[in-house]
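Chemist: Let me see the structure of the following:
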Amino acid sequence: MMRLRLLLLLALPALAQVSATVDVNTSSSTPLNANFSGFNDEIVFPAEYFDYRLNDLAAQLSPGWIRYPSGLFSDAFNWQTGQMTASWANQFANQTIGSIMIRGVPWADGKGGGSFVDAANRANFLAAKLIVCVNAYTDTPQSAGAMAAFAKANRIPVAVWELANEPYLTTGFFSSGADYAAKMKPFRDAIKAADPSAVVAIFFDDAGNTSPNPPWDQSLGGYADKYWDAVTYHHYPPQSTGPFSQWMADENAVLVNKTNTYVSGHLAPLNPAGMKFLISEFLPSADGLGAGTSVTAGTLYGAVYAAEYVMRISSLPNMLNAGMHALTGTRGVYAANQHYTDVQNAYNAGTSIDTLSLDFGFYTVAQPLGLAVLNAVLRNAALVESTAVTGGPTVAATGLGQIPAVYAQAYATGSGQQSLVVTNKGAVSVQINVRLNGSAVAGPFNVQSISGPDPTAQNTAANPNAVSVQSSVSTNPVTIPPYSVVRMDLNAPSVATPVNSASYAAGPAAAQEIVTVFGSQIAGPAVSASLPLPDSLGGLSVQISDSAGNTQSAPIIDVVPGAASIVIPSGLVPGPAKLVAQQGATTLTASLTIASSSPGLYTMNSDGAGVAAAYAFRITAASEAVTETLFTCAPDYARSCLATPLSLGDPTDTLYVALYGTGIRGAANVQCYVAGIAVPVLYAGPAATPGLDQVNISIPRSLAGTGDARVYLIADGNASNVAGLSIQ
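Modeler: Okay, the predicted model is just below:
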């Protein structure tokens, strides 16, 4: 007996870690839709869309899109007021969703609702797009068309327009999938009339439906006029029973059976060839609304599940987007103090409350952190590369026996950066050998990960960092811990990324434009130049060669670790050009295009989004200049600057705003739009600082009462980024 026990003890270390091989084949790849992975969100969560405390945490999840106004609560939402309408909600009183729908009205309206502009501004802040769920239950096609027209005029980036959230769950509105499709046609036509390039999607049934071919889907599949541009769906698998291990086994099977194979095997055959698909809500299992609380949702296992779900679905070239439920609330960025009672009380008193003044105590639950690791890769990826796993441990999957515990997917950016994301659904640590086109990758790799020995682990208000994203460096082979999502960068190509320093947008560069050049190999310490600007700073020099062979040095404004700001020299020939940044033995290159203009507006958050970096003043009838406060900032919070309402003053006053940007001075024609309305441009040209441009506008009195407004420029037909103003 002692000998047997000794042998078992000796064997345990070998069982604690096993090996696997991950092969990446770069010759076989599929395109990845930009802004692929995002989140549904709920309009009823009491925090404001502009709450910078929440948004700083949301930004760490790197969402490519946010759904607005939400799922369920969109069914009684009036986009023109930004609020839910009580009478519309009451029409659902006899539905399964009736109770929560009616309760949601004071939650949304008690905080003042959530305007389309605020949602768009938050999306800009997060460098995300919107997926808009149109209220096609209690609103009208005319309203949907007006919403699309508003989005176009205000440059609100809508990736997809969905029609009538989860229509298969309601009764009295649609008798069948075909009836739903017929009733959605006027909504679709109105949206397309306002914006012919809009992508309009209709709903197929939930992928969690246990029927292999739900009647709703059969009815839609038989509908003759398949006018829609895309199919959208949700996925809430049925809840499991028994111990946590059984829930994991059931959900492991879902990952295999109901992700990419569900689209290719079920949805695609019911639609025309080339149809696009998206999933705008999923969780490991049904959660709430009579289904009870999911055991796995919100846990570390839920984080692994969410990341692998998106990874699997990303391999489909006809997949537009995939997103988890939800950005805020019990499955996303949550709060120690939710303040539902406060907004309810405000609503009952016939008013609303600015919840930015309340102490929420925000933290991120465990589940979206799996996507935080993945989305950091998807944010910049353009290709999904063929990836295969050989060997390694297995885990239980209901109905399938054992499946590999490790799943892996490689992605590549347009500049050649390759990253590998690996999930481990099991309790055994795995040592993986990474091979690229048959050869071992030397490493070392920069690594980000979440992991833990307990799949049930959750973050709470009392312990908000039980699961957190960790950074490290690893050689090859790489150890993949139990219950983990691991991202590793396989290479660091000598590529620079030049962007407009105001908008942070890649694109053409104009003479005398300030450009920020990003490159992971640019070394610090931080140093800033004095005037006149030098051609070399911190050991860095930048040369730009145009298509005529003319090479000029770019003056340098500053250098920080990973980036440098330069001024594009004059005299370069319009067209293709090459940028070469040299710092010691390091050489970084980039391709760019020289153009006459490439407008960008600076913002107070210094990220190309949010309130404009501008100066505002009124001129009275007595020719007195009255300075207006345009923004306020919270010094203790990054990117916390918010627009302050500007007064138009007396009827005889004129309000002027001086906007600051770059890439504007070379334009022959500069237009400015505020709240979708063209406003007078009084000056557009150089400011006092090298590369800095100024655009002076006046605000028409017709914009009085606009509130939060979006402002942007069109310079020789080229649009700038969108900044914010507020007009009272």
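
Chemist: going forward, measure contacts between C-alpha atoms and count neighbours the same way
Modeler: Noted.

Chemist: what's the spacing between residue 262 and residue 91?
Modeler: 34 Å (CA to CA, to the nearest Å).

Chemist: Tell me what the residue nearest to residue 415 when sequence neighbours are not counted is bridged to.
Modeler: The spatially closest residue to residue 415, leaving aside those adjacent along the chain, is residue 495, at 6.8 Å (CA to CA, 6 or more residues apart in numbering). Beta-bridge pairing for residue 495 (DSSP bridges): residue 589.

Chemist: now residue 697
Modeler: The partner residues for residue 697, given DSSP bridges, come to residue 657, residue 681.

Chemist: Surely it touches residue 678?
Modeler: No: the pair residue 697 / residue 678 is not scored as a contact, 10.1 Å apart, by CA atoms under 8 Å.

Chemist: circling back: wait, doesn't the residue nearest to residue 415 sit right on residue 519?
Modeler: Yes: counting by CA under 8 Å, residue 495 does reach residue 519; the two are 6.6 Å apart.

Chemist: quick one: common contacting residues for these two?
Modeler: The contact sets of residue 495 and residue 519 overlap at residue 588 (CA atoms under 8 Å, 6 or more residues apart in numbering).

Chemist: that older thread, please say which of residue 697 and residue 678 ends up with more neighbours.
Modeler: A side-by-side neighbour count of residue 697 and residue 678, using other CA atoms under 10 Å, places residue 697 first with 22 against 16.

Chemist: And the more buried one, how far from residue 202?
Modeler: 42 Å.

Chemist: With residue 605 instead?
Modeler: 37 Å.

Chemist: what's the answer for residue 49, then?
Modeler: With the distance defined as CA to CA, residue 49 ends up 26 Å from residue 202.

Chemist: Give me the more crowded residue out of the two.
Modeler: Between residue 49 and residue 202, residue 202 has the larger neighbour count (other CA under 10 Å), namely 27 against 21.

Chemist: So that one belongs to a strand, correct?
Modeler: Yes: counting by DSSP: H, G, I helix; E, B strand; the rest coil, residue 202 is located in a strand.

Chemist: returning to that earlier point: where's the residue nearest to residue 415 relative to residue 320, distance?
Modeler: Taking CA to CA, one finds residue 495 at 28 Å from residue 320.

Chemist: Ok, residue 664 next?
Modeler: For residue 664, the distance to residue 320 - CA to CA - is 34 Å.

Chemist: do the same with residue 43
Modeler: Distance from residue 43 to residue 320, by CA to CA: 23 Å.

Chemist: So for these two, which sits in the more crowded spot?
Modeler: Higher neighbour count among residue 43 and residue 320: residue 43, with 31 against 23, using other CA under 10 Å.

Chemist: what about dumping the CA coordinates of the strand or helix carrying residue 149 to CSV?
Modeler: Using DSSP states H and E, residue 149 sits in helix 141-153. Extracted C-alpha coordinates of helix 141-153, given in CSV (Å, rounded to 0.1, in the frame of the first residue of the first chain):
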residue,chain,number,x,y,z
PRO,A,141,-41.5,53.5,-39.7
GLN,A,142,-41.5,57.3,-40.0
SER,A,143,-39.7,57.6,-36.7
ALA,A,144,-37.2,54.9,-37.8
GLY,A,145,-36.5,56.8,-40.9
ALA,A,146,-36.0,60.0,-38.9
MET,A,147,-33.6,58.2,-36.6
ALA,A,148,-31.5,57.1,-39.6
ALA,A,149,-31.5,60.6,-41.0
PHE,A,150,-30.5,62.0,-37.7
ALA,A,151,-27.6,59.5,-37.5
LYS,A,152,-26.4,60.4,-40.9
ALA,A,153,-26.6,64.2,-40.4
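
Chemist: what's the following helix or strand after it?
Modeler: Downstream of helix 141-153 (by DSSP H and E), the next one is strand 158-163.

Chemist: For that following strand, the averaged confidence score.
Modeler: Averaging pLDDT along strand 158-163 gives 98.

Chemist: Direction included, what does it pair against?
Modeler: strand 129-134 (parallel), strand 200-203 (parallel).

Chemist: Okay, angle between it and helix 141-153 too, please.
Modeler: 180 degrees (axes from the mean of the first three to the mean of the last three CA atoms, to 10 degrees).

Chemist: now strand 158-163, how far from the centre of its chain.
Modeler: Centre-to-centre, strand 158-163 and its host chain are 15 Å apart (CA atoms, centre = their mean, to the nearest Å).

Chemist: Residue 255: what's it in contact with?
Modeler: Contacts of residue 255 (CA under 8 Å, 6+ apart): 305, 308-309, 312.

Chemist: most surrounded residue in those?
Modeler: residue 305 (30 neighbours).

Chemist: Does that one lie in a helix or a strand, and which?
Modeler: Per DSSP H and E: helix 300-314 holds residue 305.

Chemist: how about the strands in the stretch 601-728 of the chain?
Modeler: For the stretch 601-728 of the chain, the strands defined by DSSP state E, counting those that start in this stretch occupy 614-619, 625-628, 631-632, 642-643, 654-662, 670-674, 677-679, 681-686, 693-699, 707-715, 718-719, 723-727.
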